[in-house]
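Trainee: Based on what follows, work out the 3D shape:
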Amino acid sequence: MAARPDFQREGRGEKNLSPLSRLPHERVTLMVDGTHFVVDPALFTAHPDTMLGRMFGPARHFTRPNTKGEYEIAEGIGASIFKVVLDFYKGGILQCPEGVSVSELREACDYLCINFDYSTVRCRDLSALLHELSNDGAKRQFDVFLEELVVPVMVSSAQEGERECHIVVLTDDDIVDWDHDNPPPMGEEYSQILYSTKLYRFFKYIENRDVAKALLKERGLKNIRIGIEGYPTCKEKVKRRPGGRSEVIYNYVQRPFIQLSWEKEEGKSRHVDFQCVRSKSVPNLITSLGESTRPAAIPNPQVDELDRLISPDPRPQSQAPPPPINDS
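Mentor: Sure, this is the predicted structure:
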């Protein structure tokens, strides 16, 4: 039997190909930071969970080219960073080159919804990479601390009518033993105590305190201060002053604190002193007509009760606790 011509075998093979496989791959032009990138959108659709994967997916509802047929994307991301991003779509790895900071690459990944971890990122500067990974871990960890430890304390303060909360974080081994007759000079500020060695160790790092402050802001809290301050734990000794008055010296330990508010008016009182408010009621019609032609009197300024309560600390300098270290 005579062999079939080659073109017949090729023709039979072409019958099994789908019409889409005969078409050339679509190419799109991306404009990023003034630089043109011509790519195959199939690179992006292979990662549908990323922003570019959704933009160039089958629907493309919110992706429109400009008048030149170019797609202007990734506003605020440099061209050198976007080259690294394209390498991720081609090989699955973000190789951070020299001259590109890890923080910039991290911001681009967050914007483009690309997973940023050690399985996808490679760079020579391990310190910068581990710093970003620590920020991720700190955010996840403080999210747990916030729900399990901090929020219940804030709810307790709110149920007592408070508008803000000052929380001191002690270790599990700390013992607070105050002399009831001679308590430490804490001033007007009332502190809530939270015993947690894990949270104490977490707040030892200023970077973790920054992460916690950012997360609290995201949750809508106001006037946030996180730092280290001296807190009195137990009576150390008693001094006798002339006249028979005794002075109790307390032992102070450096512990983290959180101060925050959940009201819009930060650090202000909404109390109205009614003794300083001029009445607007009209006693009679004759008085109203007689005063209508007179110039309006300038009302006395209202005095906020918080302003009257705030005064210099009357305690002697020797009794005042060490000043807090505030990171805000």
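
Trainee: Pull the residues that contact stretch 80-100.
Mentor: 30, 32-33, 35, 37, 39, 43-44, 46-47, 52, 74, 77, 102, 104-105, 108-109, 112, 114, 116, 120-125, 129 (C-beta atoms under 8 Å, 6 or more residues apart in numbering). Every C-beta, even on glycine, is put in place using the N, C-alpha and C of the backbone.

Trainee: Report the buried members of the residues you listed.
Mentor: Buried members of these, scored by 16 or more other C-beta atoms under 10 Å, are 30, 32, 37, 39, 44, 47, 52, 74, 77, 102, 105, 108-109, 112, 114, 116, 121, 123, 129.

Trainee: Narrow those residues to those in helices?
Mentor: Residues of the buried ones among the contacts of stretch 80-100 located in helices (DSSP state H): 44, 52, 102, 105, 108, 109, 112, 129.

Trainee: from memory the first one sits against residue 58, does it?
Mentor: To tie it back to what came earlier, the one meant is residue 44. No. Counting by C-beta atoms under 8 Å, residue 44 sits too far from residue 58 to count as a contact (11.8 Å).

Trainee: for residue 254, helix, strand, or coil?
Mentor: Going by DSSP: H, G, I helix; E, B strand; the rest coil, the secondary structure assigned to residue 254 is strand.

Trainee: Mind listing the residues bridging to residue 232?
Mentor: In this entry, residue 232 is beta-bridged to residue 252, by DSSP bridges.

Trainee: Is it in contact with residue 184, as I believe?
Mentor: Yes. The criterion here is C-beta under 8 Å, and residue 232 meets it with residue 184 at 3.9 Å.

Trainee: For whatever helix or strand residue 207 lives in, list every residue counted as buried.
Mentor: Under the criterion of DSSP states H and E, residue 207 resides in helix 206-218. In terms of neighbour count (16+ other C-beta under 10 Å), helix 206-218 has its buried residues at 208, 209, 211, 212, 213, 215, 216.

Trainee: ok but residue 58 is inside a strand, no?
Mentor: No. Read with three-state DSSP, residue 58 is coil and lies in no strand.
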